[in-house]
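**Q** Here's my sequence, what's the structure:
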Amino acid sequence: MYGPGGFYLRPEGPAGHFRTSVHASPLFAAAVARLLADTAERLGTDEVAFVDIGAGRGELLSGILAAVPDGLAVRPYGVERAPRPAGLDPRIAWGTEPPAGVSGLLFANEWLDNVPVDIAETGPDGVVRYVLVRPDGSEEPGDPVEGPDAEWLARWWPPAGPGTRAEIGRPRDEAWAAAVATLERGLAVAVDYAHVRGARPPFGTLTGFRAGREVPPVPDGSSDLTAHVALDACALPGAELLSQREALHRLGVSGARPPLSLATTDPAAYVRALAAAGEAAELTARGGLGDFGWLVQPVGLGGTSGALRDCRP
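**A** Purely as a prediction, here's the structure:
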C-alpha cells in the first residue's frame with residue numbers, strides 16, 4: 001500500500017476513499033484537544049506534545065491546533081509513511097517514526113488495523129495453518145502455526161473448529177508497545193475497529209476498501225487492506241478499554257438535541273447546535289463510529305485518576 005503508486009501514496013489520500021471520525025466532524029478534533037489539555041494538566045505543564053500516528057494528510061493535527069485552548073503550547077508531530085502534505089502548518093514536525101522521550105498525548109486513529117497480520121485457518125483435520133495469499137487475492141493453506149504465533153492464538157483467539165479463521169495480532173501488540181515506549185509520560189490512545197476475546201469473529205475480518213466501498217482484499221496496492229484489532233491483546237497494564245461512544249461522551253461530545261426554546265430566542269444558534277448534534281450523533285452511533293474501540297494507556301501518570309477522565313466542558 002506504500003509502494004510506488006500504492007493506495008496510501010495517492011494524491012487524494014485516505015479521505016478520498018473513506019470517512020474516519022476525523023473527517024466526519026471537527027467535533028472529534030475538539031474532543032481530542034480537550035483530552036490533550038487534560039493530559040497537560042495531569043502532567044503539570046503548559047507545554048505538551050501531540051503525536052499523531054497514521055497522520056494521513058494531517059487533518060487531525062490541523063484540527064487540534066485550531067481547537068487547543070489559549071495558553072497551552074503544543075508541539076505537534078505527524079507520523080506517516082506518506083510524504084509531508086503541501087501547505088501543512090509549519091509547526092508540525094513530520095516523519096516516519098514517533099519522537100522518543102516526549103511527554104503528552106500519543107494518538108493512533110485507525111492505525112493498528114493497517115499493521116499487517118498473518119491469517120490462520122483451521123483445516124478439516126483440526127490443524128491450524130497459515131493462509132497464503134497470492135497477488136491476485138486467491139488463497140491456499142500453508143504451514144501449521146507454531147511457536148509464538150500459536151501461543152498468541154491459544155491465549156487471545158483460540159481455534160473454534162474446522163473452517164474458522166483468526167488474525168494473529170502479535171505484530172500489532174508489538175507495534176503498539178513500541179509506540180507507547182516512546183512516551184516519557186502522558187497518555188497513549190489507539191482508536192480502531194476492534195473486538196475482544198469473548199466476541200472474536202469466527203471467520204475473521206480481513207477486507208478491502210476503495211472509493212467508499214468494500215472490495216475484496218487483493219494485495220496489489222489498489223485498495224486499503226484492513227482487519228479489526230484485538231485491542232485487549234494490545235493493552236498494557238493500567239489500560240482502559242471502552243467504546244468510542246463512551247469515550248466521546250466523557251470528552252463532551254453528545255448527540256442530544258438543543259432545547260426547542262432556542263429556536264425562538266436565537267434561531268441561528270439553534271441551527272448551529274442542531275447541526276453539531278447531528279455530527280455528534282454520527283460519531284457516537286451504535287452500529288457505526290460509536291462502536292469503535294478506544295484503548296487508553298497511561299504512561300507515568302500513576303493509577304489514582306483513571307485512564308480517561310471526564311473532560312466535559
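**Q** which residues touch the one helix or strand residue 143 maps to?
**A** Element membership of residue 143, judged by DSSP states H and E, is strand 139-144. With CB atoms under 8 Å, 6 or more residues apart in numbering as the test, strand 139-144 has contacts from 121, 123, 127-134. C-beta: built from backbone N, CA, C; applies to glycine.
**Q** One more pass at 7 Å, please.
**A** 121, 123, 127-133 (CB atoms under 7 Å, 6 or more residues apart in numbering).
**Q** Check these and tell me the two furthest apart.
**A** Pairwise distances across the contacts of strand 139-144 (CB to CB) peak at 18.7 Å, for the pair 127 and 133.
**Q** How is the protein divided into domains?
**A** 7-117+169-253+286-299, 118-166 (automatic domain parsing).
**Q** With respect to residue 277, which of these lies nearest?
**A** Checking those against residue 277 by CB to CB gives domain 7-117+169-253+286-299 as the closest, at 9.8 Å.
**Q** any idea how far the closest one is from the chain center?
**A** 4 Å (CA atoms, centre = their mean, to the nearest Å).
**Q** still on that earlier bit, residue 127 and residue 133 - which one has more neighbours?
**A** In terms of neighbours (other CB atoms under 10 Å), residue 133 is the more surrounded of residue 127 and residue 133; the figures are 17 against 14.
**Q** coming back round to it: neighbouring contacts of the next helix-or-strand element following the strand holding residue 143?
**A** Scanning forward in sequence from strand 139-144 by DSSP H and E, the next helix or strand is helix 147-156. Residues from elsewhere that reach helix 147-156 (CB under 7 Å, 6+ apart): 118, 120, 128, 145, 159, 166, 168-170, 197, 230, 233.
**Q** Among these, name the ones in strands.
**A** Taking DSSP state E as the definition of strands, the contacts of helix 147-156 contribute 118, 120, 128, 166, 168, 230.
**Q** which residue ranges form the helices in the stretch 201-313 of the chain?
**A** For the stretch 201-313 of the chain, the helices defined by DSSP state H, counting those that start in this stretch occupy 231-234, 244-250, 261-265, 267-283.
**Q** which helices and strands sit right next to the longest one?
**A** Counting contacts by 3 or more CB pairs under 7 Å, 6 or more residues apart in numbering; DSSP states H and E, helix 267-283 is packed against helix 21-24, helix 26-43, helix 261-265.
**Q** circling back to that earlier point, highest mean neighbour count out of the domains of the chain?
**A** The highest average neighbour count among those, using mean count of other CB atoms under 10 Å, belongs to domain 7-117+169-253+286-299 at a mean of 18.
**Q** Quick one: mean pLDDT over it.
**A** For domain 7-117+169-253+286-299, the mean pLDDT works out to 93.
**Q** From start to finish, how long is that domain in a straight line?
**A** 34 Å (CA to CA, to the nearest Å).
**Q** what's the answer for stretch 177-191, then?
**A** Start and end residues of stretch 177-191 are separated by 15 Å (CA to CA).
**Q** what's near enough to touch residue 113?
**A** 192-193, 226-229.
**Q** With adjacent residues omitted, what lies nearest to it?
**A** residue 226 (4.5 Å; CB to CB, 6 or more residues apart in numbering).
**Q** what pairs with that neighbour across the strands?
**A** residue 207 (DSSP bridges).
**Q** and it, what is it in contact with?
**A** 113-114, 207, 209.
**Q** Show me the contact partners of the longest strand belonging to the chain.
**A** Assignment by DSSP E gives strand 183-192 as the longest strand of the chain. Residues from elsewhere that reach strand 183-192 (CB under 7 Å, 6+ apart): 39, 43, 101-110, 112-113, 176, 179-180, 229, 231, 234, 244, 292-301.
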